[in-house]
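In: fold the following.
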Amino acid sequence: MRTRRTVAVTAAVSAFMTMAAGCGLVGGSGSAPKASPSPTAPFTKQTVGDEIAALADAAGLPPGDTSTAGLPEGAWQDCVAPWMGDAPAADAARAFKATVKALRTQDWEIVSSHAEQDVTFRTLAKRGWKVYARHYAMEGFGTEQIVSLTAVEDGCELPEAIRGDYEDPA
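Out: As a prediction, the model looks like this:
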């Protein structure tokens, strides 16, 4: 009787033999070709926005708003990927921390971390982008707290009217 382990080992050996035969290692005289280096995918507004949204979702935050509706028009919108959501107050701090931790596992590096009154700030950087992560734990907002994760491409010219909302105050 075959066990699961036997089946798994047999499948692995079979897969290796097929792969090796295809590379000319079994019964061939040539050496295996070298793997070509894979180019790094572009890190675009869409890529950054999708990564932030997926990590926020996985950390337990509800779906966020990624629009810039009602904000000044301009080219700056091409280099900003906003995400803002209302999280249940009882879970917002945990979900915020989990999202920041998840960003760090995806090679985002913390470059700034501080708190002012009821707002926690984290700034993370990766491949020419910064994420300005904020958790607003202010009283008076009822049963929800605001979490924002706004990515801004380095060198992006933000309008004066929103600069304070999208950059780290420290």
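
In: let me know the average pLDDT across the longest strand along the chain.
Out: Secondary structure of the chain per DSSP state E: the longest strand is strand 144-153. The average pLDDT for strand 144-153 rounds to 96.

In: kindly report the same for stretch 124-140.
Out: pLDDT averaged over stretch 124-140 gives 93.

In: returning to what we had before: mind exporting the longest strand of the chain as CSV, just the C-alpha atoms?
Out: This file holds the C-alpha atoms of strand 144-153, laid out as CSV (Å, rounded to 0.1, in the frame of the first residue of the first chain):
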residue,chain,number,x,y,z
GLU,A,144,-14.5,53.6,13.8
GLN,A,145,-11.0,54.9,13.4
ILE,A,146,-9.2,56.1,10.2
VAL,A,147,-6.2,54.3,8.7
SER,A,148,-4.5,55.7,5.7
LEU,A,149,-1.7,54.2,3.6
THR,A,150,-0.7,56.7,1.0
ALA,A,151,2.2,55.9,-1.4
VAL,A,152,4.0,58.8,-3.0
GLU,A,153,6.7,58.4,-5.7
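
In: chain center to that strand: distance?
Out: 12 Å (C-alpha atoms, centre = their mean, to the nearest Å).

In: past the one helix or strand in the chain whose mean pLDDT sits lowest, which element shows up next along the chain?
Out: Ranked by mean pLDDT, DSSP states H and E, the weakest helix or strand in the chain is helix 4-22, scoring a mean of 33. Of the helices and strands lying after helix 4-22 in sequence (DSSP states H and E), the nearest is helix 45-58.

In: now for that following helix, which elements pack on it?
Out: Under the contact definition 3 or more C-beta pairs under 8 Å, 6 or more residues apart in numbering; DSSP states H and E, helix 45-58 sits against strand 80-81, helix 89-105, strand 129-136, strand 144-153. In this view, the C-beta of every residue, glycine as well, is placed from N, C-alpha and C.
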